[in-house]
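>>> Quick one, fold the following:
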Amino acid sequence: MSPQTTELPWYVAHTKPRQEAVALDNLLRQGFEAYLPMFKIFKKPRRGTAANGESDLTGTEPMFPRYLFLRPSRPTQSLSSVRSTIGVSRLVMFGNQPATIRQALIDDIHEAEDLRGQADLSGISPYQPGTAVRLQDPAFSGVQALVQSVSADRVTLLLEILGRPQTVRVDFTQIAPL
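Residues are numbered from 1 along each chain as shown. Next up, the predicted model:
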């Protein structure tokens, strides 16, 4: 990246549904500098599958679904090819001018992406201690409980059974947020 390139603005491309990675690859092939911020997320395991650790419960998805950032790699590179790039729907415009983003904002997005990427399961799980959930197990269908703790494979719940508080460990598939 030359000093001239860092002075060029970033532009915003609107992609076709679930085509962010395709658009990114094709823009990179055309010589654009392109950035697709990814966000670490909690993936609830499917029924009948057991999580084998934290990596099975986390994944990534675009931070801004259907959007990515790009800029020319040289001052003379035209943006006209972006419109016909596979995976790209259009360049985001304000009137007849392409929307631009400052480098400082891109740097802030990189920082947020890095922080989220370093978060452990307890930092991204929707099941935080104190969160109210509903059991989906047929024996306890509809019973409400509070999350006491979260591990890579199970959630410990606090619920009241016969008027007494009890702790129960269940799979993520057996609960749903209220």
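
>>> what about residue 65, how many neighbours?
Using other Cβ atoms under 10 Å, residue 65 has 11 neighbouring residues. In this view, the C-beta of every residue, glycine as well, is placed from N, C-alpha and C.

>>> show me what contacts the closest residue to it other than its chain neighbours?
With Cβ to Cβ, 6 or more residues apart in numbering as the measure, residue 20 is the residue that lies nearest to residue 65, at 7.4 Å, once sequence neighbours are left out. For residue 20, the contacting residues are 36, 62, 65, 66, 67, 68, 87, taking Cβ atoms under 8 Å, 6 or more residues apart in numbering as the criterion.

>>> and residue 73, what are its phi and psi?
phi -90, psi -10 (degrees, to the nearest 10).

>>> Let's see the pLDDT reported for the residue nearest to residue 31 when sequence neighbours are not counted.
On the basis of Cβ to Cβ, 6+ apart, the spatially nearest residue to residue 31 that is not a chain neighbour turns out to be residue 73, at 5.1 Å. The score at residue 73 is 94. That number is its pLDDT.

>>> Pretty sure residue 73 sits against residue 32.
Yes: under the criterion of Cβ atoms under 8 Å, residue 73 makes contact with residue 32 at 6.2 Å.

>>> Neighbour count for those two, which is higher?
Neighbours per residue (other Cβ under 10 Å) separate residue 73 from residue 32, with residue 32 holding more: 23 against 17.

>>> Report the contact partners of the more buried one.
When the contact criterion is Cβ under 8 Å, 6+ apart, the partners of residue 32 are 70, 71, 72, 73, 77, 82.

>>> Okay, domains of the protein per the record?
3-120, 132-177 (automatic domain parsing).

>>> need the helices for the chain, in chain order.
Counting by DSSP state H, the chain has these helices, from start to end: 3-7, 20-29, 54-57, 103-118, 121-124.

>>> Burial-wise, tell me which of those helices comes out on top.
When you average the neighbours per residue for each of those (mean count of other Cβ atoms under 10 Å), helix 20-29 leads with a mean of 18.

>>> Put the alpha carbons of that one into CSV.
Listed next in CSV are the C-alpha coordinates belonging to helix 20-29 (Å, rounded to 0.1, in the frame of the first residue of the first chain):
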residue,chain,number,x,y,z
GLU,A,20,-20.4,-10.8,0.8
ALA,A,21,-17.5,-13.3,0.5
VAL,A,22,-18.0,-13.7,-3.3
ALA,A,23,-18.0,-9.9,-3.8
LEU,A,24,-14.9,-9.6,-1.6
ASP,A,25,-13.0,-12.2,-3.6
ASN,A,26,-14.0,-10.7,-6.9
LEU,A,27,-13.1,-7.1,-5.8
LEU,A,28,-9.7,-8.3,-4.6
ARG,A,29,-9.1,-10.1,-8.0
